[in-house]
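[1] here you go, sequence then predicted model.
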Amino acid sequence: MMDGKREWRRRMLDRLRQLPAAEKEAYDREIAAHLYRWPRWQTARTIAMTVARETEVNTLPIIEQAWREGKTVGVPKCDPRAKTMTFRRLVSFAQLEKAYAGLWEPIEEQTAPIDRGKFDLIIVPGVCFAKNGYRIGYGGGYYDRYLPGVAAVTAALAYSFQVVDDVPAEAHDVPVEFIITDQGVLRCGR
């Protein structure tokens, strides 16, 4: 099962790395536009999301838009030993530092934690997504540990080619409810 996931992850990351910059920027703008028109975004007051890696949909303009709309934004701080994460409130990109695995994370001394129950919307990263909401992430399992029991709506941002019919899933995997792509908002069927 893990081999299946590893192979999917490797193939999709290769495809993401080959996406030309201009095309990626155009897709990123389309995804953001669909997100901002989505009622779940519009009504959300407190949103969790990551600072994207190079191959992911760019979240920096999305975080800026959330701030402009008066929303509270939480970004994750990972504990690689415990494989757990907490979200901390970000009010400026100056509160970020390059951390574990080259990820941008909030500086603890400058940010306050946000309780899991406060989020209205959690944007979940991933490499590959199935139409039923199951995802292949980066293999750390952080979100599968964080998400059980959260009341927030869960969504992923993805390029339409990252959405496939089916991915290998395990019992502890937690699917997302929506996927926002360059083609629109997909409600994941169970």
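    That came in fine, so what should we check first? Numbers count the residues shown, from 1 in each chain.
[2] in stretch 176-190, which residues are buried?
    Going by neighbour count (16 or more other CB atoms under 10 Å), the buried part of stretch 176-190 is 176-182, 185-186, 188. Placement of C-beta: from N, CA and C, glycine included.
[3] which two in these are spaced the farthest apart?
    Distance extremes for the buried residues of stretch 176-190: the farthest pair is Glu177 and Asp182 at 19.0 Å, using CB to CB.
[4] can you list the buried residues of stretch 176-190 in a markdown table and add distance to Arg10 and pLDDT?
    Output for these, formatted as a markdown table (distance: CB to CB, whole Å; pLDDT from 0 to 100):
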| residue | distance to Arg10 | pLDDT |
| --- | --- | --- |
| Val176 | 22 | 96 |
| Glu177 | 27 | 97 |
| Phe178 | 26 | 98 |
| Ile179 | 21 | 98 |
| Ile180 | 24 | 98 |
| Thr181 | 22 | 98 |
| Asp182 | 23 | 97 |
| Val185 | 28 | 97 |
| Leu186 | 24 | 97 |
| Cys188 | 24 | 96 |
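[5] in strands, which of these fall?
    178-181, 185-186 (DSSP state E).
[6] contacts for stretch 98-113, please.
    Stretch 98-113 is contacted from outside by 50-51, 53, 75-78, 80, 86-90, 95-97, using CB atoms under 8 Å, 6 or more residues apart in numbering.
[7] please redo it, this time with the cut-off set to 10 Å
    Residues from elsewhere that reach stretch 98-113 (CB atoms under 10 Å, 6 or more residues apart in numbering): 50-54, 59-60, 74-81, 85-97, 138, 140.
[8] Arg88 versus the residue in the chain sticking out farthest from the centre, what's the distance?
    Largest separation from the mean C-alpha position in the chain: Glu109, at 24.0 Å (CA atoms, centre = their mean). In this structure, Glu109 lies at 11 Å from Arg88, with CB to CB, to the nearest Å as the measure.
[9] and Ala33, how many neighbours does it have?
    Neighbour count for Ala33, taken as other CB atoms under 10 Å: 13.
[10] who touches both of Glu109 and Arg88?
    Gln95.
[11] what helices or strands is the least confident helix or strand in the chain by mean pLDDT leaning on?
    Least confident helix or strand of the chain, by mean pLDDT, DSSP states H and E, is helix 2-17 with a mean of 88. Helix 2-17 sits against strand 128-130, strand 135-136, with contacts defined as 3 or more CB pairs under 10 Å, 6 or more residues apart in numbering; DSSP states H and E.
[12] TSV for those strands, including mean neighbour count and mean pLDDT?
    Listed next are the helices and strands packed on helix 2-17 as TSV, based on neighbours: other CB atoms under 10 Å; pLDDT from 0 to 100:
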stretch	mean neighbour count	mean pLDDT
strand 128-130	23	95
strand 135-136	24	93
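[13] including distance to Val150, could those go into TSV?
    Below are those laid out as TSV (distance: least, CB to CB, whole Å):
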stretch	distance to Val150
strand 128-130	18
strand 135-136	15
